[in-house]
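**Student:** Using only what follows, build the 3D model:
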Amino acid sequence: MSFDFNQSGQMIVAIDYDGYTLVTEVDSNRPICDVKLESYLQGYGNRSKWCPLPKSPEIALKFAYHKLNVLNLEKQILIHHQPIELEKFQVCKEIEIHHP
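**Tutor:** Have a look, this model is predicted:
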């Protein structure tokens, strides 16, 4: 499970192993928005991250190990109709550096 607070600390977003995403107010525990991400692959790699810009309503959601979408909290919609596919199951690429 992944948690992240917005800039003011008044809201928290959580995404679990199955792709369920919930945004709530911290003080009242009132749910603001909930989304179930399509996730044929469950995973510990699910992550949520608020946009670092002050008062931004957008939350980045990484799920199914290699997919990315952005939740617009004001509109309560995912910005991309199809999630962005990241590199599958690869932590990093080796880069060869040639020195003259």
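
**Student:** Isn't residue 61 up against residue 71?
**Tutor:** Yes - look at residue 61 against residue 71 with CB atoms under 8 Å: they come within range, at 5.9 Å. Every residue, glycine included, has its C-beta placed from N, CA and C.

**Student:** Overlap of the contact sets of these two?
**Tutor:** 21, 35, 78 (CB atoms under 8 Å, 6 or more residues apart in numbering).

**Student:** Lowest mean pLDDT among the helices and strands, pick that one out for this protein.
**Tutor:** For the chain, the helix or strand with the lowest mean confidence is strand 84-85, at a mean of 88 (criterion: mean pLDDT, DSSP states H and E).

**Student:** Hmm, residue 77 and residue 57 touching each other?
**Tutor:** No - contact between residue 57 and residue 77 fails when scored by CB under 8 Å: they sit 10.7 Å apart.

**Student:** ok, the residue most central in space within the chain - contacts?
**Tutor:** For the chain, the residue nearest the mean C-alpha position is residue 61 (1.5 Å; CA atoms, centre = their mean). Contact criterion CB under 8 Å, 6+ apart gives 15, 21, 35, 37, 46, 47, 48, 68, 69, 70, 71, 78 as the residues in contact with residue 61.

**Student:** now residue 73
**Tutor:** 23, 32, 33, 57, 58, 59.

**Student:** For the residues you listed, please prepare a markdown table with the additional fields pLDDT and distance to residue 11.
**Tutor:** As requested, the contacts of residue 73 are arranged in a markdown table below (pLDDT from 0 to 100; distance: CB to CB, whole Å):
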| residue | pLDDT | distance to residue 11 |
| --- | --- | --- |
| 23 | 96 | 6 |
| 32 | 94 | 6 |
| 33 | 95 | 10 |
| 57 | 92 | 10 |
| 58 | 95 | 12 |
| 59 | 95 | 9 |
